[in-house]
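>>> Sequence plus the predicted model coming up.
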Amino acid sequence: SQQGEEDPQALSIQEGENATMNCSYKTSINNLQWYRQNSGRGLVHLILIRSNEREKHSGRLRVTLDTSKKSSSLLITASRAADTASYFCATDAARPNRLAFGKGNQVVVIP
Amino acid sequence: DAGVIQSPRHEVTEMGQEVTLRCKPISGHDYLFWYRQTMMRGLELLIYFNNNVPIDDSGMPEDRFSAKMPNASFSTLKIQPSEPRDSAVYFCASSSNPGWGDMYEQFFGPGTRLTVL
């Protein structure tokens, strides 16, 4: 079963706006990762946040982690058309040395 | 590095035929994962290897699926016989273990889109 569950499932925004998506999980984790998948491509790792971290930045990406609520959020600032993709969260809690992916969150950035 | 390489990129076959998907992981990575992605079920882990040894194959749907990793640079996923419900995109991913017990980032191949008629 999938560990992460993203919310909202689909998001459509104008270029330049910020996009925020959330992910919830059920059990304790060591780390949580976010991946992007462009149409017809494989997943690409974006950012990893460890359980003892609360916030992390990478370029226009900002990830937060609230272990008490078992949730994470991904913020993409100043979105671009090229950010149009599906975004997945993944946690390592399901079993050792494997990731459990959520069902993904489709983001469409309108130029 | 060329990244994770998968072949073929597209495969169309008829029900009952044998299908073999191939993967070359990133050199130096000691973990290899096979995933299946469908609209209905999302991304599912089928099996993963560590140092060429299968560690967890609990995601393999049934005996028609088998996977091998004869060496550190090559793995196959075989479906025999194939069925229409096997139609999906199959991804191979690899990673290296950072050594402190948790899972490091995975690098995905471009996937093989399988259509079983």
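Structure's in. What do you need? This structure is a prediction, so every number in the text was calculated from the model and none was measured. Residues are numbered from 1 along each chain as shown, chains lettered A, B, ... in the order given.

>>> So what pairs up with A:S86 in the strands?
Assessed by DSSP bridges, A:S86 has beta-bridge partners A:Q37, A:Q106.

>>> so it makes contact with A:G102?
No. Counting by Cβ atoms under 8 Å, A:S86 stays clear of A:G102, with 10.2 Å between them. Any C-beta I mention is one placed from the backbone N, CA and C, and that applies to glycine too.

>>> Bridged to the residue lying closest to B:P84 once chain neighbours are set aside, which residues?
Distances taken as Cβ to Cβ, 6 or more residues apart in numbering or on different chains place B:V116 nearest to B:P84, at 4.9 Å, with adjacent residues excluded. Per DSSP bridges, the residues bridged to B:V116 are B:T13.

>>> just A:S71 next, same as before
Under the criterion used (DSSP bridges), A:S71 bridges to A:S24, A:D66.

>>> so what pLDDT did it get?
According to the prediction, A:S71 has pLDDT 94.

>>> residues in contact with A:I29?
A:I29 is in contact with A:51, A:67, A:91-93, counting by Cβ atoms under 8 Å, 6 or more residues apart in numbering or on different chains.

>>> Ignore what I typed, I meant B:N52.
B:69-72.

>>> Could you check how far it is from B:K68?
Distance of B:N52 to B:K68, computed by Cβ to Cβ, to the nearest Å: 9 Å.

>>> Near chain A, which residues of chain B are found?
B:4, B:31, B:33, B:42-43, B:45, B:48, B:50, B:55-56, B:91, B:93, B:97, B:101-111 (Cβ under 8 Å from any Cβ of the partner chain).

>>> Now, the residues you listed that are in strands?
B:31, B:33, B:42-43, B:45, B:48, B:50, B:55-56, B:91, B:93, B:107-108 (DSSP state E).

>>> Could you list the residues in contact with the helix or strand hosting B:Q37?
Here B:Q37 sits within strand B:31-38, counting by DSSP states H and E. Strand B:31-38 has contacts (Cβ under 8 Å, 6+ apart) with A:97-98, B:23, B:25, B:43-50, B:67, B:69, B:75, B:77, B:87-97, B:106, B:111.

>>> Write a PyMOL command that selects only the buried members of the residues you listed.
In PyMOL syntax, the buried subset of these is picked out as below (16 or more other Cβ atoms under 10 Å in any protein chain shown):
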select buried, (chain A and resi 97+98) or (chain B and resi 23+25+43+44+45+46+47+48+49+67+69+75+77+87+88+89+90+91+92+93+94+95+106+111)
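
>>> Now the two most distant members of the ones in strands among the residues of chain B next to chain A.
Distances among these were taken as Cβ to Cβ; the most separated pair is B:G42 and B:N50, at 24.0 Å.

>>> Show me which of the contacts of A:I29 is closest to A:A10.
Distance to A:A10, by Cβ to Cβ, is smallest for A:T91 among the contacts of A:I29, at 21.6 Å.

>>> so the closest one touches A:S24, yeah?
No. Using Cβ under 8 Å, A:T91 is not in contact with A:S24; the gap is 9.9 Å.
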